[in-house]
Each structure stands twice: as structure tokens, then as C-alpha cells.
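Participant: sharing a sequence plus its predicted fold:
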Amino acid sequence: MANGAKISATVITGFLGAGKTTLVRHLLENAGGRRIALIINEFGDVGIDGGLLRGCGEELCRDEDIVELANGCICCTVADDFLPTMTKLIERDHAPDHIVIETSGLALPQPLVKAFGWPEIRARVTVDGVVAVVDAAAVAEGRFAADEGAIDAQRRADDSLDHESPLHELFEDQLISADMVLLNKADLVDAPSLARIEADLKKEVRPGVRFVHAENGRIDANILLGLAAAAEDDLEHRKSHHELEGEEEHDHDDFESFVVALGLQNDRKALLARIAATIRDHDILRLKGFVALDGADARLVVQAVGPRLSAYFDRPWAGGEERTSSLVVIGEKGLDSAAITARLAG
């Protein structure tokens, strides 16, 4: 990654069985020297393993560059799973050149793209593009996926799922968020049918969205990566079905953050209890910082993602270093900073 440049991320969406994982395998095997990290939220018949990363070079990509998020639909577990994973990836000594995210077929793309507005991530990563993988053979037969029963089973098995959109609404959401639509399994459809499918789907996407055809997910990585869409800055034109229907009453576009200075603390247990209660009562998405404890020679690191809170000593205070406490609070726009600051101060 060039010094100062943002890391590009590609979001790959599409129903179970559309060929997302096959596409990802092909990208990894033909990475062209890119250091690629992969976040997987869908588990189909085609496996992904560390050996595939040899495609981008053993010196570049390693086993730890594949991260599996198995706690349910990624758009329903953004704060708990996706954001901490992204933070770890971009804070590595050797950050990836490109991050590929394979979503669950049930995931709404909009909340995931919105998550890239998180201050820590926005400063380091941009959404290069959202790619919707479509099963052309299934669509030609009037279905959204080759096995819609498997998708229903996937839905029933996901306890974290907090949206139950019909398949046609999910399909609309995938298309409206897409910067590129990949019609996969094109070899299973005759040319007139493929042309009809593309013409029909072009009515559902934003102007300028590119359509490409593929067989078994085989496509040049240079076509798929490098779209430079900066999708996180274009949420207004990627509204979900429910937002377009006027069912979404609050603005998801912005996050805000502020710093709370607390000074020297003398009771670790009481402070952590106040932090936990403040997070719960004010719907804080993330809190992190350093705390100076009276009588402790090391600084205390505090990290919270949603309701999960951890604290540990990371290093001794340096000679001459000011021993003080400072916490960064992050949440959706509209946080009551005065009330939160007062609550944390006790």
C-alpha cells in the first residue's frame, strides 16, 4: 500500500449458491502480487483455506489473512464482529493492499457499507466497489437462486438475523448497492436469455453500473478490483428497499466521536462499571482509550465494542510522560456528549 493511501475494500454480495466463494477463490489464485485479506461471512460447498493465498505470493499473503465471521449475518453483527475484525486487519504491521469481503447471501449491503463511515476505518479504508454476483441460470428460470430452499434454511439457522426481507427485496438491495453486477454461470444460459436478463436487471441498478459475464467465477482481477467507487460516500444513492419505502426514519449516514478526559483514577472496578453502564444507556458503539490508575506503574488500556468491555495493562508509563486518562467515544450522530462525559466522570 502506498504511503498515506487508503486500503481498498471490495464487498461481494449475492445469494447462497450464486458463486461468490468460487469467485473469491479465483481472485486469490490470480491476485497479481496484491496482498489480499479476506473476510468470509458465507460458508458454501466450496471451501477456502490458507493454501489459496499462495496466489498472491507466500511472502505477501498468509493464513491469518483469511478471517471467518461465523456468528451470523454480517449486517446484523457489524459492531460486534465486522468492525473489530477490520480494525485488527488495518492496524497490522503489514496491512493488506486490498480487503475482499464475502457477505452472507442474507446480508443487506447498506449497513455494511455504512460501517465504513466508522471514524477509525474511514481514515484508512475506502469501499472500492460493491459487486453483486447473480446466478444467471437461476434468474433465467424465474428464480433468485438455484436452491431457494437452502436460503430459507440458512435464514432459519441464523439466530442473529434481525431482518426478514423477502428474497425479492434482498435482491433489490443487492442490486441498488452494486457498482458492478457479475452474471455468473453465463455458460448455462443462451445468448438471447442472457441479454434479456441483463436488460431487465439494468432497470434495477443505478446509472453507470457495469455488467460483466463469468463462468465459474473466472474474471480478471483487474476488472473486479480498482473500481474506485468510494461507496461509503454515496449512501444517499444506495438506499435499501425499506428506506425507499419510507420505513427508515433515522439517518444512518454519519458517526461522531469525542474525547473524554478523566485524569487520574483510583478505583479500576468502579470506573469499568461506569463505562459499561454508560455504553448501555447511551447506545455507544465503540469506546477506547488509556487510563492512569493511582498506584499503578503501567497504563490501563480500555476497549469496548458494543457491550463487550475489556481492560488490560499494556506498558509502563514512560519517564516524564503525563499520567492521565483519556477515552474516545464513538457512536451514531446525536450522542449526548455532556451527559456521557458526566456519567463517565462519576
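Facilitator: All right, it came through fine.
Participant: the helices in this protein, which residues?
Facilitator: Assigned by DSSP state H, the helices in the chain fall at 20-29, 83-90, 109-115, 119-122, 136-140, 148-157, 167-177, 191-202, 221-224, 241-244, 268-282, 337-345.
Participant: let me have those in a markdown table, adding mean neighbour count as columns.
Facilitator: In short, each C-beta sits where N, CA and C put it, glycine included. Shown next, in a markdown table, are the helices of the chain (neighbours: other CB atoms under 10 Å):
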| stretch | mean neighbour count |
| --- | --- |
| helix 20-29 | 23 |
| helix 83-90 | 19 |
| helix 109-115 | 22 |
| helix 119-122 | 17 |
| helix 136-140 | 21 |
| helix 148-157 | 14 |
| helix 167-177 | 21 |
| helix 191-202 | 14 |
| helix 221-224 | 16 |
| helix 241-244 | 16 |
| helix 268-282 | 16 |
| helix 337-345 | 15 |
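Participant: quick one: which of the ones you listed is nearest Val100?
Facilitator: helix 20-29 (6.2 Å; CB to CB).
Participant: where does pLDDT dip in the stretch 1-150 of the chain?
Facilitator: Confidence mapping of the stretch 1-150 of the chain against pLDDT under 70 gives the ranges 1-4, 42-63, 68-80, 145-150.
Participant: number of residues surrounding the closest residue to Ile176 other than its chain neighbours?
Facilitator: Nearest residue to Ile176, sequence neighbours excluded (CB to CB, 6 or more residues apart in numbering): Arg238, at 5.9 Å. Arg238 has 20 neighbouring residues, counting by other CB atoms under 10 Å.
Participant: thinking again about what came up before, output the helices of the chain in a markdown table, with distance to Asp314 appended to each entry.
Facilitator: Output for these, formatted as a markdown table (distance: least, CB to CB, whole Å):
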| stretch | distance to Asp314 |
| --- | --- |
| helix 20-29 | 34 |
| helix 83-90 | 15 |
| helix 109-115 | 26 |
| helix 119-122 | 18 |
| helix 136-140 | 51 |
| helix 148-157 | 39 |
| helix 167-177 | 39 |
| helix 191-202 | 51 |
| helix 221-224 | 38 |
| helix 241-244 | 41 |
| helix 268-282 | 14 |
| helix 337-345 | 20 |
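Participant: so which of those gets nearest Asp65?
Facilitator: The minimum distance between Asp65 and the helices of the chain falls on helix 83-90, with 8.1 Å, by CB to CB.
Participant: domain parsing for this protein?
Facilitator: Domain assignment of the chain by automatic domain parsing yields the ranges 7-244, 255-345.
Participant: and the shortest one, how far from the chain's centre?
Facilitator: In other words, domain 255-345. With CA atoms, centre = their mean, to the nearest Å as the basis, domain 255-345 stands 25 Å off its chain's centre.
Participant: now the longest one
Facilitator: Its chain's C-alpha centre lies 10 Å from the corresponding centre of domain 7-244 when counted by CA atoms, centre = their mean.
Participant: would you map the strands across this protein?
Facilitator: 7-13, 36-40, 66-68, 98-102, 125-135, 180-184, 210-213, 255-261, 286-291, 298-305, 308-316, 326-332 (DSSP state E).
Participant: from Ala318, how far out is Trp118?
Facilitator: Per CB to CB, to the nearest Å, Trp118 is found 30 Å from Ala318.
Participant: Val212 now?
Facilitator: 54 Å.
Participant: with neighbour numbers in mind, choose between those two.
Facilitator: A count of neighbours by other CB under 10 Å puts Val212 above the other of Val212 and Ala318, at 16 against 9.
Participant: so what pairs up with the more buried one in the strands?
Facilitator: In this entry, Val212 is beta-bridged to Leu182, by DSSP bridges.
Participant: for His98, same thing?
Facilitator: When assigned by DSSP bridges, His98 has beta-bridge partners Ser8, Ile36.
Participant: check Ile66 too.
Facilitator: Counting by DSSP bridges, the residues bridging with Ile66 are Leu38.
Participant: was I right about it contacting Ile40?
Facilitator: Yes. Using CB atoms under 8 Å, Ile66 makes contact with Ile40 at a distance of 6.9 Å.
Participant: picking up where we left off before, now tabulate the strands of the chain in a markdown table and tack on distance to Ser193.
Facilitator: Shown next, in a markdown table, are the strands of the chain (distance: least, CB to CB, whole Å):
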| stretch | distance to Ser193 |
| --- | --- |
| strand 7-13 | 23 |
| strand 36-40 | 31 |
| strand 66-68 | 36 |
| strand 98-102 | 27 |
| strand 125-135 | 13 |
| strand 180-184 | 11 |
| strand 210-213 | 12 |
| strand 255-261 | 44 |
| strand 286-291 | 48 |
| strand 298-305 | 46 |
| strand 308-316 | 49 |
| strand 326-332 | 44 |
